[in-house]
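Enquirer: This is the structure alone, sequence omitted:
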């Protein structure tokens, strides 16, 4: 009985393994499906510069514990910082936002602190705008600090406005849900 089972097993293996008459055709073709490459999102900054009302660059180095430049009533300081935005990707969408608004110990009625704004080369405000790859390029962040001329007596003496924690964030936006393409019959 063992010899019979062995013979059946060997015969089946020969038939299925190509030793028999079972034959099928096959053919292989390359898919030529291409490659998928990821895009990019990048924000780089250059050092910012503060200037006074006369256009003179002033030292407000954020690593100093006390700023080297001391404002007086009537002084206006303007900040400017160049950045480069790079967005790469067919469906790339991003927002550029400003993090950490300045803080101040000045008496509020004595100063005007304009929030930091970011504009592109054409002057368009980019805050909360949806940016696309076509918006890639140089942008400028700016802010303005005015110590009002009509400040009373010794009000706001030794006060401090702190801009050193401001940062910028370039954040990819989620794509809207795709709508199915109708099929035709």
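Expert: Looks like it came in fine. Just so you know, these numbers come straight off a predicted model, no measurement behind them. Numbering: from 1, shown residues only.

Enquirer: show me where the protein has helices.
Expert: 2-14 (DSSP state H).

Enquirer: Tell me who's in contact with residue 72.
Expert: By C-beta atoms under 8 Å, 6 or more residues apart in numbering, the contact list for residue 72 reads residue 147. C-betas here are computed from N, CA, C, even on glycine.

Enquirer: Repeat that for residue 77.
Expert: 50-53, 58, 60, 69, 71, 144-146.

Enquirer: Give me the lowest-pLDDT entry from those.
Expert: Ranked by pLDDT, those bottom out at residue 60, which scores 73.

Enquirer: Any of the contacts of residue 77 buried? List them.
Expert: 50, 58, 60, 71, 145-146 (16 or more other C-beta atoms under 10 Å).

Enquirer: Give me the neighbour count for residue 140.
Expert: 17 (other C-beta atoms under 10 Å).

Enquirer: give me every residue that touches it.
Expert: Contacts of residue 140 by C-beta under 8 Å, 6+ apart are 80-83, 118-119.

Enquirer: Among these, which lie within strands?
Expert: Judged by DSSP state E, strands contain the following of these: 80-83, 118-119.

Enquirer: out of those residues, which one sits closest to residue 181?
Expert: Of all the ones in strands among the contacts of residue 140, residue 118 has the smallest distance to residue 181: 37.0 Å, by C-beta to C-beta.

Enquirer: Okay, now the unreliable bits of this protein?
Expert: 1-22, 62-67, 185 (pLDDT under 70).

Enquirer: number of nearby residues for residue 122?
Expert: Look at residue 122: counted by other C-beta under 10 Å, it has 5 neighbours.

Enquirer: swap that for residue 95, sorry
Expert: Residue 95 sits with 15 neighbouring residues when counted by other C-beta under 10 Å.

Enquirer: Please report how far the spatially closest residue to it that is not a sequence neighbour lies from residue 94.
Expert: Closest residue in space to residue 95, ignoring its immediate chain neighbours: residue 171 at 5.3 Å, by C-beta to C-beta, 6 or more residues apart in numbering. Counting by C-beta to C-beta, to the nearest Å, the separation of residue 171 from residue 94 is 6 Å.
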